[in-house]
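# when you get a sec, could you give me coordinates for this:
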Amino acid sequence: MTLQTTSEKTVALLNRIMEFELAGVVRYTHYSLMVFGYNRIPIIDWLRGQSAESLVHAQKAGELITHLGGHPSLGIGPLLETHNHDIGDILRESLAHEGAALDCYKSLLAEVEGKSVMLEEYAREMIYAEELHLGEVNKMLRKPGEVGIFSE
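Have a look, this model is predicted:
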């Protein structure tokens, strides 16, 4: 896949990724403002770190869009406000959001596989990062002492 043959679908997928990541910035910032209780400080630090990471991910996607001659979207991905601000609720919402973002990266990989090493490597790197993040959130949702994977 050369710059001249980059498909509109690839740029559209990168824009969707960028929108999801920007939604993550807003989502994690909001969550960090809504945490109360004894464990507030470490939790808000983690949430703010996730917000910063989402911004870096959005910037990477945007740089690739312009590298390919596309135009970065000004849109933002879905923002669901459930008004449930229990830490468990926040983590379950995060799990759902991150799972949807992971699906976007997997769609990008399927689109570019065998066509662009650069885009393949980017997609694989981001899939790796998102899967690690999902694993961490899953561990946070487990009750102390539980080793089995969390499921609702």
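# distance between stretch 51-61 and the chain's centre?
How far stretch 51-61 lies from its chain's middle: 8 Å, per C-alpha atoms, centre = their mean, to the nearest Å.
# distance check, Met34 against Ile43.
For Met34, the distance to Ile43 equals 10 Å [C-beta to C-beta, to the nearest Å]. Bear in mind the C-beta positions are built from the backbone N, C-alpha and C, glycine included.
# give me the more crowded residue out of these two.
Taking neighbours as other C-beta atoms under 10 Å, Met34 and Ile43 compare with Ile43 leading, 19 against 15.
# give me the nearest residue to that one, chain neighbours excluded.
Of all residues not flanking Ile43 in the chain, Val35 sits nearest, at 5.0 Å (C-beta to C-beta, 6 or more residues apart in numbering).
# so what's the one you found up against?
The neighbourhood of Val35, defined by C-beta atoms under 8 Å, 6 or more residues apart in numbering, consists of Ile43, Ile44, Leu47, His85, Ile87, Ile90.
# quick check: mean pLDDT of the longest helix seen in the chain?
Identified as the longest helix of the chain according to DSSP state H is helix 40-67. What helix 40-67 shows for mean pLDDT is 97.
# how about stretch 88-95?
In this model, stretch 88-95 carries a mean pLDDT of 91.
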